[in-house]
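[1] What shape does this take:
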Amino acid sequence: MRVLIVDDELGIRKTTAIAVETMGYEVVSVPGGVRALKTLEAEAFDVCFLDLNLGGEDGLDVLDKLLKAAPDMAVVMFTAYATISAAVEAMRKGAFDFIPKPFTPDQIRQVLGKIAKTRSLERRVKQLETQLADESPEIDLSSAEIALQKTLSIAFKAAETPATVLILGPSGTGKSVLAREIHRRGAQRDASFVTVNCPSLSRELLESELFGHVKGSFTGAVVDTLGKVAAAEGGTLFLDEIGEMPLEIQPKLLRLLQEREYERVGEAKPRKATVRVIAATNRALAEEVKAARFREDLFYRLNVINVALPGLKDRPADLPRLADNYLKFFAARMGRKTTGFSPQVRDAFAAYAWPGNLRELRNVVERAVILAVGDIIELADLPDNFVRTSPDSTIAVGARVTISDLEAAHVRRVIGLAKNLDEAARILGIDPATLYRKRQKLGLM
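    Now for the predicted structure:
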């Protein structure tokens, strides 16, 4: 690391420089804030040791200027014991740490070690984020479908509040992706996003996973555990597939939502929680309530903001763009020159029901990129069920089908091939409003 020392006392600058250099770091020393800022204009530094009292300069003012000039630089304040309160204020303004005067070389080395460890962790996080981005396509939360646009608008407005959000929709429609985006757009964005997969554990283990447990509370509880609620403190707790949460745990979740309190398994002491809850399910919770499989009071408490994600078959205007995005991602990832889909493939995509939704589309396109021989993906590159359900083999002019079925197939096919709904309307020779009404009438929305 490169270290800048800003102190008006020559002895302090020399002592600090010696301690820093013993760790193998480069050092530049200056007597005041003006010189420090000029130095930053020409050179980059990882760490700055800054005296709180620089003679005629206020160290807090200098701190503000240094952080504006170099936002990623870690600033450590030097302060006398009498000005500890000012050092705390410096931390509030963005200083990394402070060292009281008089200090020892070992204190300098300790704080540098802490900074080095923090920087290493930050680099590791960036590497993991890059790795994750390389393994997953870019998240697409846009839509040409008016109904979905309204749904996303409601979700993003709710994101700016601490309101509980319930996301409904079939499996594979992107409920967890939307939950993360709501977290990212909320006041909790800098805190943790913690996921609990409700169907994955038994009742006993799920309760412990959520609320934590104390040592000896059940067989296998050999140490105290805080739980996911504590891990999400100040952030977001995402309860995936909450419709499958056991009835025995539901009253405890209701208490968490209503009173912001919970208890660890085996402990009578109530604990406070400040978490935002987002829940998701592919079940119709209202029906689950009628069947006495889900508590009615918990349902109403979760159902503050309700957003429903449609299946992919109900998003014909989005299907071509989503497929193209997956194609670009997997072609680049695998080093293939695959550039597009044949008209027959686009027809097959438009006619297919997509029971697995976005997850299935991703898998189908990934498989096709792997198997494709040429630059264009053909029907032969798709799974057999796509060839069987290709519109060319089911509905054609002169086939024994109704006019309504023929029109629905043709409108669906044109939408699948067009770049957007406006282009589809032009191809069909109708205005966009008429196309919208036809889609409603034909059940294509």
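[2] where do the strands sit along the stretch 101-250 of the chain?
    165-168, 193-197, 236-240 (DSSP state E, counting those that start in this stretch).
[3] of all those, which lies closest to K38?
    Of all these, strand 193-197 sits nearest to K38, with 42.0 Å by C-beta to C-beta. In this view, the C-beta of every residue, glycine as well, is placed from N, C-alpha and C.
[4] buried residues in that closest one?
    F193, V194, T195, V196 (16 or more other C-beta atoms under 10 Å).
[5] burial measure for F238, as a count.
    F238 has 26 neighbours, counted by other C-beta atoms under 10 Å.
[6] Any figure for the gap between it and V6?
    Distance, F238 to V6, using C-beta to C-beta, to the nearest Å: 44 Å.
[7] Out of the helices and strands in this structure, which is least certain?
    Within the chain, judged by mean pLDDT, DSSP states H and E, the helix or strand with the poorest mean is helix 384-388; its value is a mean of 69.
[8] which strands and helices sit next to the helix or strand that it is followed by?
    Once the chain leaves helix 384-388, the next helix or strand it forms, by DSSP states H and E, is helix 403-417. Where contact means 3 or more C-beta pairs under 8 Å, 6 or more residues apart in numbering; DSSP states H and E, helix 403-417 is packed against helix 319-334, helix 343-351, helix 421-428, helix 432-441.
[9] what residue ranges in the stretch 251-400 of the chain score low on pLDDT?
    387-400 (pLDDT under 70).
[10] repeat that with 90
    Flagging of the stretch 251-400 of the chain using pLDDT under 90 yields the residue ranges 265-269, 333, 343-344, 347-348, 350-353, 373-374, 379-380, 383-400.
[11] now swap in the stretch 51-200 of the chain and tell me
    52-60, 72, 78-93, 98-105, 116-141, 188, 190-191, 199-200.
[12] of all the buried residues of strand 193-197, which comes closest to V275?
    Within the buried residues of strand 193-197, the smallest distance to V275 is 8.2 Å, found for V194 (C-beta to C-beta).
[13] gap between the closest residue to that closest one other than its chain neighbours and Y352?
    Nearest-residue entry for V194: A232, 3.9 Å, with adjacent residues in sequence omitted and distances by C-beta to C-beta, 6 or more residues apart in numbering. Per C-beta to C-beta, A232 is found 38 Å from Y352.
[14] just H183 next, same as before
    H183 is 32 Å from Y352, by C-beta to C-beta.
[15] just L201 next, same as before
    34 Å.
[16] Also E43?
    From E43 to Y352 the distance is 59 Å (C-beta to C-beta).
[17] what's the answer for L121, then?
    L121 is 45 Å from Y352, by C-beta to C-beta.
[18] Same check on E138?
    For E138 relative to Y352 (C-beta to C-beta), the value is 23 Å.
[19] And for P137?
    20 Å.
[20] I12 now?
    Counting by C-beta to C-beta, the gap from I12 to Y352 is 72 Å.
[21] between these two, who's got more neighbours?
    Higher neighbour count among I12 and Y352: Y352, with 22 against 18, using other C-beta under 10 Å.
[22] Could you pull out the helices in the stretch 101-250 of the chain for me?
    105-135, 146-159, 175-185, 203-211, 228-231, 250-259 (DSSP state H, counting those that start in this stretch).
[23] Report the buried residues of the fourth one.
    What it means is helix 203-211. For helix 203-211, using 16+ other C-beta under 10 Å, the buried residues are E204, L206, E207, S208, E209, L210, F211.
[24] try the third one
    Across helix 175-185, burial judged by 16+ other C-beta under 10 Å covers K175, S176, V177, L178, A179, R180, E181, I182, H183.
[25] K126: which of those is nearest?
    Using C-beta to C-beta, these come closest to K126 at R180, 18.0 Å.
[26] so the closest residue to that closest one other than its chain neighbours bridges to which residues?
    The shortest distance from R180 to any non-neighbouring residue, by C-beta to C-beta, 6+ apart, is to F193 (6.0 Å). F193 has the following beta-bridge partners by DSSP bridges: T236.
[27] got the contact list for F193?
    When contacts are counted by C-beta atoms under 8 Å, 6 or more residues apart in numbering, F193 is found next to A179, R180, H183, A232, G235, T236, F238.
[28] so can I have a markdown table of the residues you listed showing distance to M334?
    As requested, the contacts of F193 are arranged in a markdown table below (distance: C-beta to C-beta, whole Å):
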| residue | distance to M334 |
| --- | --- |
| A179 | 29 |
| R180 | 26 |
| H183 | 31 |
| A232 | 36 |
| G235 | 35 |
| T236 | 34 |
| F238 | 31 |
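[29] Would you mind listing the buried residues in stretch 293-300?
    Buried, per 16+ other C-beta under 10 Å, within stretch 293-300: R293, F294, R295, L298, F299.
[30] Which helix or strand contains the closest residue in space to the second one that isn't next to it in sequence?
    Leaving out its chain neighbours, the residue that sits closest to F294 by C-beta to C-beta, 6+ apart is E288, at 3.9 Å. Mapping E288 onto the secondary structure by DSSP H and E places it in helix 285-290.
[31] I appreciate the help and will end here.
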